[in-house]
Structure formats: C-alpha cells, structure tokens
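# Predicted model and sequence below, questions to follow.
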Amino acid sequence: MDRIIQTGVCSYGMSGTIFHVPFIHVHPGFEFAAVVERSKNLAQEKYPNVKVYRSVEDMIKDPALDLIVVNTPNYTHYPYTKAALEAGKNVIVEKPFTVTSAEGQELMELAKSKGLFLSVFHNRRYDSDYKIITEVVQSGVLGDIQEAEIHYDRFREELSYKKHKETANPGTGALYDLGAHIIDQALLLFGMPKSLWADIRIIRKESVVDDYFELVFYYDNMRVRLHTSYLVREPMPSYQFHGRLGSFIKTKADVQEAQLQRGLLPNSPGWGEEGIHEWGLLHTEKDGKVVKQFLPSPTGNYLNYYQDVYDALVNGGKNPVPAADGLRIIKIIEAAFQSSKERKAIDL
C-alpha cells in the first residue's frame with residue numbers, strides 16, 4: 001500500500017471489537033493506531049501497539065491520526081463527529097448518522113467546507129442477502145415490482161445489557177437502531193418515496209424505547225413495507241418482492257456477525273458464505289415458461305467497505321456511504337415519528 005491510514009476508534013465495545021477493529025486490523029492500508037477505553041486496556045491485550053486514550057477528546061487531538069471512527073452511543077454521534085472534523089480529521093460515523101436532520105446537515109456542510117471525508121457506516125449494504133436482492137431487483141426478472149417487504153425481526157423480551165440502548169435518550173429505540181439499516185436498503189433499491197405512514201410502539205414489558213415499528217413507503221405504482229419487532233420467535237422471510245412476472249423471497253442470512261462473534265477474522269476461509277439452505281427462492285416467468293429455482297447469494301464482506309474508504313481517501317474514489325445518504329435516512333425517521341404520533345401519512 002502506498003499509504004497507511006492511521007486510525008483511531010472511539011469505543012472498544014461490541015461495535016469496536018466486532019464491526020470495526022477486525023477490518024482495520026486485516027486491511028493493509030489501515031493501522032489500528034488508537035482507541036478510547038475509559039478504564040480498561042482490553043484493546044492492548046489483543047493489539048499491543050495500539051495507543052489507549054481515556055477520552056474521545058484527547059484521542060481526537062492526536063496529530064498522527066488521519067481517520068476517526070465514531071462508534072459511540074447515537075446521541076454522541078453529532079458532538080464527537082463535529083469535534084473530529086473541527087480537528088481536521090476524516091471521519092467514519094456509525095449508523096444512524098445523527099439523531100436529527102439538522103445535526104446531519106450541519107456535519108455534512110462542515111466536512112465539505114473543510115474538504116474532509118465523512119462517511120456513514122452502513123455495513124448492511126455489504127451483506128450477502130442484500131447483494132442477491134439487489135441483483136434480482138436490478139435484473140428485471142420479477143417484472144414491474146408492485147410490492148416489497150423487508151423485515152428485521154428478533155425475539156428478545158429481555159432488555160439489552162447495553163444500557164445506553166434501553167434508556168429513553170434521543171436516538172434510542174428500534175427505528176434508529178435496526179430501522180436505519182432497512183430504510184437504507186429500501187432507499188437504495190427504490191429511491192425516496194413520495195410519502196410514508198408509520199406505526200411505532202413499545203411492546204416488551206419492561207421497555208421504555210420503541211421495539212416495534214411498521215413503515216409503509218408510498219411510490220407511484222408500488223408500496224414498500226418495513227417491519228421490526230422484538231417479539232417474533234418464528235420469523236417470516238426477511239425479504240419479499242412481488243412483481244408482474246413473479247416473486248422472490250429470502251431469509252436474512254448474512255453470517256459475518258456470527259463469524260466475528262466466534263473470533264474469526266475477515267480473511268478466514270469461508271468468510272461471508274451463506275449455507276445452501278438460506279438461498280432465496282425465485283418463482284417467475286422466463287421466455288413464457290414458469291421458473292422456480294433457488295439462487296445462491298454472493299459472498300458478504302464488510303472489508304469491502306473499508307477498501308472503498310481507502311480508495312476514496314487515497315485514490316480519489318467514491319465515498320461508499322456519503323453523509324447525504326445518512327441524512328436522508330434521518331429525515332425518513334423523523335417523518336416516521338411524526339406519522340405515528342399524528343396517525344396519518346406524511347408527504348416527503
């Protein structure tokens with residue numbers, strides 16, 4: 001590599017240990033140079049050369065760092081990203097981009113004014129299941145799509161051990177957490193809807209944050225439904241697409257998170273490969289004949305996000321997830337809360 005990007009990570013919790021540091025460590029163009037741990041030194045036990053800071057503010061001041069990964073609780077994304085940009089650092093900020101669209105707009109303009117790189121970590125764009133969905137939709141094999149449904153469900157009555165996710169702070173709840181992923185996927189596939197309707201609820205017994213939502217996106221000749229519930233023990237297919245020629249249904253089956261939790265690195269054999277039992281079902285017409293077949297998914301790999309970041313920073317490539325993409329998701333979330341509160345569709 002012509003250049004090594006010195007990278008600091010703002011948190012060494014699950015996001016840091018699972019979704020960021022392994023990829024920074026494996027990619028030859030990045031150096032995991034610094035991390036924030038308030039009281040422990042867990043990162044140094046695994047990565048002896050990393051420098052440990054006790055506060056984000058101190059790490060951002062490090063003149064050796066080129067890139068800061070803001071992977072702290074949602075309500076801190078805005079102040080930490082702003083501080084990093086003002087310090088002249090390029091930034092990757094975890095999804096959701098910010099809590100409000102006003103915050104996102106300000107950060108986007110700040111990065112532009114300083115000529116700095118600002119990207120939102122929407123890693124689910126690099127999932128195996130989303131890749132095959134994209135291929136099917138773009139191929140036109142379903143004909144004119146009339147309806148689509150994307151689910152991100154789980155079964156979890158108990159509250160998360162991550163207290164910041166279960167406290168009624170700005171930016172908490174399922175819509176900001178899981179909704180940001182499937183909203184992003186819907187927007188990439190179909191663009192911004194003309195209007196939306198939403199129902200957002202709290203359904204777990206002890207919860208104080210939303211853990212159920214249903215969104216309906218209205219397009220001229222199509223409807224897209226997005227759904228999350230924390231009380232779905234037996235999930236239905238996560239992706240359901242129906243067109244004038246046929247249907248495609250698919251489970252949410254990307255294996256990368258499970259592999260990372262087992263301690264595997266993204267250069268391991270079999271990385272990101274779905275099992276054959278998770279292949280999506282295509283039932284459509286081709287050349288006047290009915291076809292019913294299972295389609296294998298491409299390999300998922302979040303390392304490709306970091307490769308895209310490297311190309312953008314070093315080779316003048318395209319930002320894989322520009323701030324504008326993150327901003328429109330926040331605008332959708334704001335409109336969804338308004339819709340649920342007012343019990344009506346909201347024009348966008």
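Looks like it arrived, so ask away.
# Got the phi and psi for Phe213?
phi -150, psi 150 (degrees, to the nearest 10).
# from what I can see it touches Thr228, true?
Yes - here Phe213 reaches Thr228: they are 5.5 Å apart, a contact under C-beta atoms under 8 Å. For glycine as for every other residue, the C-beta is placed from the backbone atoms N, C-alpha and C.
# beta partners of the closest residue to Lys51 other than its chain neighbours?
Nearest non-adjacent residue to Lys51, counting by C-beta to C-beta, 6 or more residues apart in numbering: Ala34, 4.6 Å away. On the basis of DSSP bridges, Ala34 is bridged to Gly8, Lys51.
# what touches both of Phe213 and Thr228?
Ala174, Leu175, Gly179 (C-beta atoms under 8 Å, 6 or more residues apart in numbering).
# Format those residues as JSON lines; extra columns: distance to Ser160 and neighbour count.
Below are those laid out as JSON lines (distance: C-beta to C-beta, whole Å; neighbours: other C-beta atoms under 10 Å):
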{"residue": "Ala174", "distance to Ser160": "11", "neighbour count": "25"}
{"residue": "Leu175", "distance to Ser160": "15", "neighbour count": "26"}
{"residue": "Gly179", "distance to Ser160": "16", "neighbour count": "26"}
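# and of those, the nearest to Tyr305?
Gly179 (19.9 Å; C-beta to C-beta).
# Would you mind listing the residues in contact with the residue nearest to Lys51?
Counting by C-beta under 8 Å, 6+ apart, Ala34 touches Gln6, Thr7, Gly8, Val9, Val50, Lys51, Val52, Tyr53, Met59, Asp62, Leu65.
# and if you look at His27?
Counting by C-beta under 8 Å, 6+ apart, His27 has contacts Leu303, Tyr306, Gln307, Tyr310.
# returning to that earlier point: report the separation between the residue nearest to Lys51 and Tyr239.
39 Å (C-beta to C-beta, to the nearest Å).
# Kindly report the same for Ile183.
14 Å.
# what about these two, which has more around it?
Between Ile183 and Tyr239, counting by other C-beta atoms under 10 Å, Ile183 is the more crowded of the two (27 against 23).
# hang on, the earlier thing: please flag which of the shared contacts of Phe213 and Thr228 sit within helices.
Ala174 (DSSP state H).
# Out of the shared contacts of Phe213 and Thr228, flag the one nearest to Ala148.
Nearest member of the shared contacts of Phe213 and Thr228 to Ala148, counting by C-beta to C-beta, is Gly179, at 15.6 Å.
# Please identify the helix or strand for Val314.
helix 303-315 (DSSP states H and E).
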